[in-house]
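Chemist: Output the structure for:
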Amino acid sequence: MAKHILIVDDVPAVRFTVRRTLERVPDLQVCGEASDGGEAIEKAAQLSPDLVVMDLSMPTMNGLEATRRIKRNAPHVPVILYTLHKDALSKFDTLSLGISSVVDKGVGIDSLIAAIQGLLKTTP
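Modeler: Residues are numbered from 1 along each chain as shown. Down below sits the predicted model:
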């Protein structure tokens, strides 16, 4: 049974790349996309994803606040922070918000896939 992923990023090209990559991975399916934190909260409530890939820096509401609100309603859903600003986060931020993993966009998408598969226990 496929695991459903919600992609949240304000850059359409990033969402497109992540979606296209995930579509090639067995047992993973993109159930939706959001371009900011507010939309992410709405989509997470509507779609009940198995995992959220969340950007940090977005207009309207950043990824930390969106994660806080998503986790309030769905504490069991893992959230991967996929960001170029990994160094701006403290370990306290990630732990207190319930962020499951932080993946640097600069190291390549394979790291994101590995993190997703590890959290969802899917096989490559």
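Chemist: in the chain, which spans are strands?
Modeler: 3-8, 28-34, 51-54, 79-83, 101-104 (DSSP state E).
Chemist: Let's have those in CSV, adding mean neighbour count.
Modeler: C-betas here are computed from N, CA, C, even on glycine. Output for the strands of the chain, formatted as CSV (neighbours: other CB atoms under 10 Å):
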stretch, mean neighbour count
strand 3-8, 23
strand 28-34, 19
strand 51-54, 26
strand 79-83, 25
strand 101-104, 18
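Chemist: could you dump these to JSON lines with mean pLDDT?
Modeler: As requested, the strands of the chain are exported to JSON lines (pLDDT from 0 to 100):
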{"stretch": "strand 3-8", "mean pLDDT": "98"}
{"stretch": "strand 28-34", "mean pLDDT": "97"}
{"stretch": "strand 51-54", "mean pLDDT": "98"}
{"stretch": "strand 79-83", "mean pLDDT": "92"}
{"stretch": "strand 101-104", "mean pLDDT": "89"}
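Chemist: Distance of the spatially closest residue to residue 116 that is not a sequence neighbour relative to residue 2?
Modeler: Leaving out its chain neighbours, the residue that sits closest to residue 116 by CB to CB, 6 or more residues apart in numbering is residue 51, at 6.2 Å. Counting by CB to CB, to the nearest Å, the separation of residue 51 from residue 2 is 12 Å.
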